[in-house]
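Asks: Sharing a model that was predicted from the sequence below.
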Amino acid sequence: LVGPAEGIEAPARPRTTPAERRRGPDDARPASPPTSGNRDPMQLEDVLVTARKIVESVQSAPLTIHVFDPAELARGGQGGLLDVAQRTPGFVFQTYSSSFHASPTLRGISQFDITSPVANVSTVVDGIYLPRNYSVDLGIVDVARVEIAKGPQSTLYGSNAFAGVIAYSLARPGDRPTLEFGAVTGNAGRLDYKLAAGTPQVEGRAGLRVHYARTQFAGTWRNLWPIAPGQDLGGRDNETWGATIDLRPTERITIGLDGFELRRHEDLKPAFNLTSNDPDSVLGCSPFICGTLSWNLVDYKSPGSRH
């Protein structure tokens, strides 16, 4: 029909200005922003970070930052940097023989000397620098957030933050009493458990939070070397405990006291080294290895071998 049918009143068309007619559907604006009571379920939660030593939204920070909260760390397993690296593009945490000789790498900038106290990636806990590679993986310590900031951060953290920063934020007392417990069990002696409790800040002046955690794993690799038969490799027995105290004597002064102890016992990774410098070995083509490698080390040991 060209016009309205007889007996039916056509609705009045709203009058528009030329500027409004030039606007497309993508230029439409809501009449009023959604309120907290009518929040859009598709809206992302605002994530706060402190990599630049200020509290700001991760969306507005001019850095490439990956943030992990306690729930995400727990879903990853033990919660250490090995789990974080598996879910962070451009971040590699190489542990070599064990995590005591760790070397974090960001954007391909690796550490040439793993024994050097000055690394390419800086690690801080609540802004305090950790100067040794064996202490960068806090693992089961009671942390509230782990931030991986990629790219040079030397202006804020010094020359050893050329590749980036690993920033830990410890869990602090909240506004209400808290009691948290979690446990994970599995085969090969796997048992992880953590207990944390906190008191609310008394009259807004003081708060306390304590924690204890332990992770045990017997390992799954059988040691075939005749010197230590039957000993498994790749296990761990780590334990930590600590406390966090927040004091606020005045409205403008806040004092945070943090202390924790982390005891780590980790087996060496399963590996073996074949040497061709032994003239009595069965390799037979020094200094190269000919043929197919065997998982049985005894295959490379002759009766007169000194290695």
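Replies: Cool, got the structure. Residues are numbered from 1 along each chain as shown.

Asks: The closest residue in space to residue 205 that isn't next to it in sequence: helix or strand, and which one exactly?
Replies: Leaving aside its chain neighbours, residue 205 sits nearest to residue 248 (5.3 Å; criterion: C-beta to C-beta, 6 or more residues apart in numbering). No exception for glycine: its C-beta is placed from N, CA and C like everyone else's. For residue 248, the host element (DSSP states H and E) is strand 236-250.

Asks: And residue 83, by the same measure?
Replies: helix 81-86.

Asks: Which strands or helices does that helix pack on?
Replies: strand 91-94 (3 or more C-beta pairs under 8 Å, 6 or more residues apart in numbering; DSSP states H and E).

Asks: who does the strand it packs on pair up with?
Replies: strand 103-106 (antiparallel) (DSSP bridges).

Asks: Only the buried residues of the strand it pairs with, if you could.
Replies: Residues of strand 103-106 classed as buried by neighbour count (16 or more other C-beta atoms under 10 Å): 103-106.

Asks: do the same with stretch 183-202
Replies: In stretch 183-202, counting by 16+ other C-beta under 10 Å, buried: 190, 192, 194-196, 198, 201.

Asks: Can you tell me how far residue 182 is from residue 201?
Replies: 24 Å (C-beta to C-beta, to the nearest Å).

Asks: same check, this time on residue 144
Replies: Applying C-beta to C-beta to residue 144 and residue 201 gives a distance of 16 Å.

Asks: now residue 160
Replies: Counting by C-beta to C-beta, the gap from residue 160 to residue 201 is 36 Å.

Asks: so where is the chain shaky, pLDDT-wise?
Replies: Residue ranges of the chain with pLDDT under 70: 1-46, 51, 76-79, 97-99, 112-115, 117, 225-231, 272-307.

Asks: what are the ranges of the helices in it?
Replies: For the chain, the helices defined by DSSP state H occupy 18-22, 70-75, 81-86, 154-157.

Asks: Just the CA atoms of the last one, as PDB, please.
Replies: Output in PDB follows, covering the C-alpha atoms of helix 154-157 (Å, rounded to 0.1, in the frame of the first residue of the first chain):
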ATOM      1  CA  SER A 154      63.500   0.600  34.400                       C
ATOM      2  CA  THR A 155      62.100   4.100  35.300                       C
ATOM      3  CA  LEU A 156      60.200   2.700  38.200                       C
ATOM      4  CA  TYR A 157      62.100  -0.500  39.100                       C
END
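
Asks: which outside residues touch that helix?
Replies: 52-53, 122, 124, 129, 161-162, 165 (C-beta atoms under 8 Å, 6 or more residues apart in numbering).

Asks: List just the nearest of the residues you listed to residue 63.
Replies: residue 52 (7.0 Å; C-beta to C-beta).

Asks: you'd agree the closest one is up against residue 60?
Replies: No. If you go by C-beta atoms under 8 Å, residue 52 and residue 60 don't touch, sitting 10.6 Å apart.

Asks: who's more crowded, the two?
Replies: More crowded of residue 52 and residue 60, by other C-beta atoms under 10 Å: residue 52, with 17 against 8.

Asks: which residues in the stretch 1-150 of the chain form strands?
Replies: 48-49, 56-57, 64-68, 91-94, 103-106, 121-125, 128-129, 143-150 (DSSP state E, counting those that start in this stretch).

Asks: Out of the ones you listed, flag the one nearest residue 266.
Replies: Short answer: strand 91-94, nearest of the strands of the stretch 1-150 of the chain by C-beta to C-beta, at 14.0 Å.

Asks: buried ones in the closest one?
Replies: Result for strand 91-94 [16+ other C-beta under 10 Å]: buried residues 91-93.

Asks: rewinding a little: can you tell me how far the residue nearest to residue 205 is from residue 258?
Replies: Taken as C-beta to C-beta, the span from residue 248 to residue 258 is 15 Å.

Asks: Show me what the strand holding residue 248 is packed against.
Replies: strand 206-217, strand 253-263.

Asks: so can I have JSON lines of these showing mean neighbour count and distance to residue 72?
Replies: Below are the helices and strands packed on strand 236-250 laid out as JSON lines (neighbours: other C-beta atoms under 10 Å; distance: least, C-beta to C-beta, whole Å):
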{"stretch": "strand 206-217", "mean neighbour count": "19", "distance to residue 72": "17"}
{"stretch": "strand 253-263", "mean neighbour count": "12", "distance to residue 72": "21"}
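
Asks: returning to that earlier point: show me which of the contacts of helix 154-157 are buried.
Replies: 52, 122, 124, 161-162, 165.

Asks: Can you name the two of those that sit furthest apart?
Replies: Using C-beta to C-beta, the pair of the buried ones among the contacts of helix 154-157 lying farthest apart is 52 and 162, separated by 16.5 Å.
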